[in-house]
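Peer 1: I would like to see how this sequence folds:
(2 chains, ligands or ions: 3)
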Amino acid sequence: MARITISVNGQNRSAETEGRTLLVQFLRDGLGMTGTHIGCDTAQCGACMVLIDGRAAKSCNILAQEAAGRCVTTIEGMANPDGSLGPIQQAFRDHHGLQCGFCTPGMVMAAAALLAENPEPTEAEVRGYLEGNLCRCTGYHNIVKAVLAASGQDVSALDPALSAPG
Amino acid sequence: MYDFEFLRPDTLDEAIAALDRDDAMPVAGGQTLLPTLRQRLNAPSRLVSLTAIPGLRGIRREGDMLVIGATTSHAEVAREAGAHFPALAALAGSIGDPAVRNLGTIGGSIANNDPSACYPAAVLASAAVVVTTRREIAAADFFQGMFGTALQPGELVTALRFSIPERAAYAKFAQPASRFALVGVFVAQSGTAARVAVTGASEGGVFRWEAAETALSGDFRPEALAGLTPPATGMIDDLHGSADYRAHLVGVMTRRAVARAAA
Ligand SMILES: Cc1cc2nc3c(=O)[nH]c(=O)nc-3n(C[C@H](O)[C@H](O)[C@H](O)COP(=O)(O)OP(=O)(O)OC[C@H]3O[C@@H](n4cnc5c(N)ncnc54)[C@H](O)[C@@H]3O)c2cc1C
Ligand code: FES
Ligand code: FES
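Peer 2: Ligands and ions are numbered 1, 2, ... in the order given. The predicted structure follows:
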């Protein structure tokens, strides 16, 4: 066992780890931060996505000790300081970008990574970037719309049938 | 996943020393190794991470060569190699998804030599040299069948040295669930010589399609390949595609790669 420290959402957090402890286990079991989900546990679905030093990573596919000393951002770090929904979260809510919500933490983190790299992505760029995030509910359309809306772009043309009044 | 000791040395010498026992393994991005360990297909007692060793990471130009450190991520190659070797940057940017590209490394990819991995096609088609802690290995000698390489126990890939072709392109028919290549073809042309390397298709792993190379030498156009398809013998035959289908795709993807390179 080794006690390691990782900066999580700007705060140094420590917990005991084994060599085999995954980053997602450090977050969920070590720190009790259960916002980061485990979906497939085989690096396919993206439910466990976090940012490491600002870049998207699947936290089920990196060892906690490999991430020691680095800066991790999780879904818990995406809200505004007063606890209200952050802009990406708010856009997911406004545009119905979730149904069961299981994939949502990973989707929001992927969106955060994308918008940091590319503040005004096209629809195709959003779809390409979300390649590693699977959703079994929404059919993706409203997720893509939410990400575009979070980037400040007008999404009313994306789905006239839904946004038309009445 | 069975437990193991995890070490993350910051020099190559320390890494080599830490690996000097039978059941120790190196880990770079972990994007292939960790899923394997979780399936208990392997049980090393010690993992030695290579990611803290500064000299192993980064891209630099040396004359008409591009040298890429073993722990350079796919995302870094996609972002930084474009000015020198655009076809290689595009290939790196087509691997998996953004999260896989941020952690996965070029050294890990070629050391693993998955029969459907993308990089081996580029390494073989551009006649790159694999630089290790012990020697330099020509690409043709490095890849030795599905998941097989010339690496000896304890030997680490430190860098890849690519001779930059005049024209090159990678065309990949992605297996839609995994994003790996169902068939991927990298073509490279310099002077009158053309090289064609195929991944994803053969039971023997990455290979050069010599009939296509002959047809393209001196006539680097998709039309030069009209009617050409490799034999289906020895092609991978699984639920994603039959051997005949893969052989057909090799012809199609080679023509697409040539069209892209010649454009
Ligand atoms: C969802 C998903 C999609 C993917 N899609 C693709 C794809 O489309 N195309 C593709 O090509 N790949 C794909 N991959 C694989 C990915 O590219 C891996 O990053 C790569 O195969 C291995 O690199 P790594 O750094 O993660 O290696 P690791 O997993 O760390 O190591 C792999 C093997 O190489 C050894 N090793 C690592 N570094 C060295 C070194 N320097 N010297 C000697 N041995 C070493 C390790 O001991 C291990 O046996 C995908 C992976 C995932 C999870
Ligand atoms: S739980 Fe990590 S990718 Fe599915
Ligand atoms: S909202 Fe249910 S999996 Fe995406």
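Peer 1: strands along the stretch 51-200 of chain B, start to end?
Peer 2: B:59-62, B:65-69, B:129-132, B:136-138, B:157-163, B:167-174, B:181-190, B:193-199 (DSSP state E, counting those that start in this stretch).
Peer 1: quick check: mean pLDDT across stretch A:137-148?
Peer 2: Averaged across stretch A:137-148, pLDDT comes to 97.
Peer 1: name the helix or strand of chain A that has the lowest mean pLDDT.
Peer 2: Ranked by mean pLDDT, DSSP states H and E, the weakest helix or strand in chain A is helix A:160-163, scoring a mean of 53.
Peer 1: so where's the chain shaky on pLDDT?
Peer 2: Went with chain A since none was named. Scanning chain A for pLDDT under 70 picks out A:159-166.
Peer 1: that's the other chain; I wanted chain B
Peer 2: Residue ranges of chain B with pLDDT under 70: none are present.
Peer 1: now B:Leu37: how far from ligand 1?
Peer 2: Separation of B:Leu37 from ligand 1 (CB to the nearest ligand atom, to the nearest Å): 9 Å. (Each C-beta comes from the backbone N, C-alpha and C, glycine too.)
Peer 1: for that residue, what are its contacts?
Peer 2: By CB atoms under 8 Å, 6 or more residues apart in numbering or on different chains, the residues touching B:Leu37 are A:Arg20, B:Met1, B:Tyr2, B:Ala43, B:Pro44.
Peer 1: and the gap between it and ligand 3?
Peer 2: On the measure of CB to the nearest ligand atom, B:Leu37 and ligand 3 end up 27 Å apart.
Peer 1: which SSE is the residue positioned nearest the centre of chain A in?
Peer 2: Residue closest to the mean C-alpha point of chain A, counted by CA atoms, centre = their mean, is A:Met109 at 2.1 Å. Using DSSP states H and E, A:Met109 sits in helix A:104-117.
Peer 1: please see if that helix touches ligand 1.
Peer 2: No - against ligand 1, helix A:104-117 shows no contacts by CB under 6 Å from any ligand atom, the least distance being 13.1 Å.
Peer 1: in that helix, what's buried?
Peer 2: In terms of neighbour count (16 or more other CB atoms under 10 Å in any protein chain shown), helix A:104-117 has its buried residues at A:104-115, A:117.
Peer 1: excluding its backbone neighbours, what's nearest A:Ile62?
Peer 2: Closest residue in space to A:Ile62, ignoring its immediate chain neighbours: A:Leu23 at 5.0 Å, by CB to CB, 6 or more residues apart in numbering or on different chains.
Peer 1: now the buried residues of helix A:104-117 in CSV, with distance to chain B?
Peer 2: Converted to CSV, the buried residues of helix A:104-117 look like this (distance: CB to the nearest CB, whole Å):
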residue, distance to chain B
A:Thr104, 16
A:Pro105, 13
A:Gly106, 9
A:Met107, 12
A:Val108, 14
A:Met109, 9
A:Ala110, 7
A:Ala111, 11
A:Ala112, 12
A:Ala113, 7
A:Leu114, 8
A:Leu115, 12
A:Glu117, 9
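Peer 1: of those, which pair is most distant in space?
Peer 2: A:Thr104 and A:Glu117 (20.5 Å; CB to CB).
Peer 1: residues near B:Ala177, how many?
Peer 2: 9 (other CB atoms under 10 Å in any protein chain shown).
Peer 1: number of residues surrounding the nearest residue to it once chain neighbours are set aside?
Peer 2: The shortest distance from B:Ala177 to any non-neighbouring residue, by CB to CB, 6+ apart, is to A:Gln44 (8.0 Å). Using other CB under 10 Å, A:Gln44 is surrounded by 20 other residues.
Peer 1: from chain A, how far off is B:Ser116?
Peer 2: To chain A, B:Ser116 is 15 Å away according to CB to the nearest CB, to the nearest Å.
Peer 1: quick check: the residue of chain A nearest ligand 1.
Peer 2: A:Ala43 (3.9 Å; CB to the nearest ligand atom).
Peer 1: test my guess that that residue contacts B:Thr36.
Peer 2: No - counting by CB atoms under 8 Å, A:Ala43 stays clear of B:Thr36, with 10.7 Å between them.
Peer 1: more neighbours: which of the two?
Peer 2: The neighbour comparison of A:Ala43 against B:Thr36 (other CB under 10 Å) goes to A:Ala43, with 23 against 14.
Peer 1: what sits against that one?
Peer 2: A:Ala43 touches A:Lys58, A:Cys60, A:Asn61, B:Gln31, B:Leu34, B:Pro35, B:Val100, counting by CB under 8 Å, 6+ apart.
Peer 1: what's the answer for B:Ile164, then?
Peer 2: Here B:Ile164 is in contact with B:Asp64, B:Met65, B:Leu66, B:His84, B:Phe85, B:Ser126 (CB under 8 Å, 6+ apart).
Peer 1: residues touching the fifth one, list them.
Peer 2: B:Phe85 makes contact with B:Leu66, B:Phe162, B:Ile164, B:Ala168 under the criterion CB under 8 Å, 6+ apart.
Peer 1: so which bits of chain B are right by ligand 1?
Peer 2: Checking chain B against ligand 1 by CB under 6 Å from any ligand atom, the hits are B:25-33, B:50, B:70, B:95-96, B:100, B:104-105, B:107-109, B:111-112, B:114, B:117-119, B:151, B:156-157, B:178-180.
Peer 1: let's see 5 Å
Peer 2: Counting by CB under 5 Å from any ligand atom, chain B comes close to ligand 1 at B:25-33, B:70, B:95-96, B:100, B:104-105, B:107-109, B:111-112, B:117-118, B:156-157, B:179-180.
Peer 1: what do you get for chain A?
Peer 2: With CB under 5 Å from any ligand atom as the criterion, chain A meets ligand 1 at residues A:Ala43.
Peer 1: how is chain A divided into domains?
Peer 2: Domain assignment for chain A, taken from automatic domain parsing, gives A:2-78, A:87-156.
Peer 1: got the end-to-end distance for stretch B:15-32?
Peer 2: One end of stretch B:15-32 sits 20 Å from the other (CA to CA, to the nearest Å).
Peer 1: next up, the contacts around B:Phe147.
Peer 2: Going by CB under 8 Å, 6+ apart, B:Phe147 touches B:Asn112, B:Asn113, B:Asp114, B:Pro115, B:Gly205.
Peer 1: would you turn those into a markdown table with distance to ligand 2 and neighbour count?
Peer 2: Output for the contacts of B:Phe147, formatted as a markdown table (distance: CB to the nearest ligand atom, whole Å; neighbours: other CB atoms under 10 Å in any protein chain shown):
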| residue | distance to ligand 2 | neighbour count |
| --- | --- | --- |
| B:Asn112 | 19 | 18 |
| B:Asn113 | 24 | 23 |
| B:Asp114 | 18 | 19 |
| B:Pro115 | 23 | 22 |
| B:Gly205 | 27 | 24 |
